[in-house]
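*Asks:* sequence and predicted structure, then a few things I'm wondering about:
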Amino acid sequence: MYNFGQVILASMQFVDTFEIKKRPVLVLFEEQGNVVVAGITSNLKMKGISLYKKEGAIKESVVKLNYIFTISERMIEKILFSVSKEKRNLIKSELFKKFD
């Protein structure tokens, strides 16, 4: 079972290519073997929620809330870390803004 706020490593296929790479993603929720996630990038010029090394990130990164997709739990290699309660609240707040 995967929970909101976990950063996981998953095999991802990119939209513009058939290439598959292992990438970190942030779990939004899991249901019946499907995991809804937000992409994470180390490109700090991208808009999103910052993740820092002191929080557990391997590199300073950005959670891209405009890049949300569903993966199978079979694509997940491992859990890397979980973000803090404060960061989860910030992510929720930013997601809710997108629905207004």
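*Replies:* Structure's in. What do you need?

*Asks:* just the helices in the chain please.
*Replies:* 85-99 (DSSP state H).

*Asks:* where along it do the strands fall?
*Replies:* Listed in chain order, the strands found in the chain under DSSP state E are 6-13, 20-31, 34-41, 49-51, 61-72, 76-82.

*Asks:* quick one: contacts for the residue nearest the centre of the chain?
*Replies:* The residue lying closest to the centre of the chain (Cα atoms, centre = their mean) is Leu26, at 2.0 Å. Leu26 makes contact with Gly5, Gln6, Val7, Ile8, Val37, Ala38, Ile40, Val63, Val83, Ile91, according to Cβ atoms under 8 Å, 6 or more residues apart in numbering. Where C-beta positions appear, they are placed from N, C-alpha and C, glycine not excepted.

*Asks:* adding distance to Leu95, write the strands of the chain out as JSON lines.
*Replies:* Below are these laid out as JSON lines (distance: least, Cβ to Cβ, whole Å):
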{"stretch": "strand 6-13", "distance to Leu95": "16"}
{"stretch": "strand 20-31", "distance to Leu95": "8"}
{"stretch": "strand 34-41", "distance to Leu95": "9"}
{"stretch": "strand 49-51", "distance to Leu95": "10"}
{"stretch": "strand 61-72", "distance to Leu95": "6"}
{"stretch": "strand 76-82", "distance to Leu95": "17"}
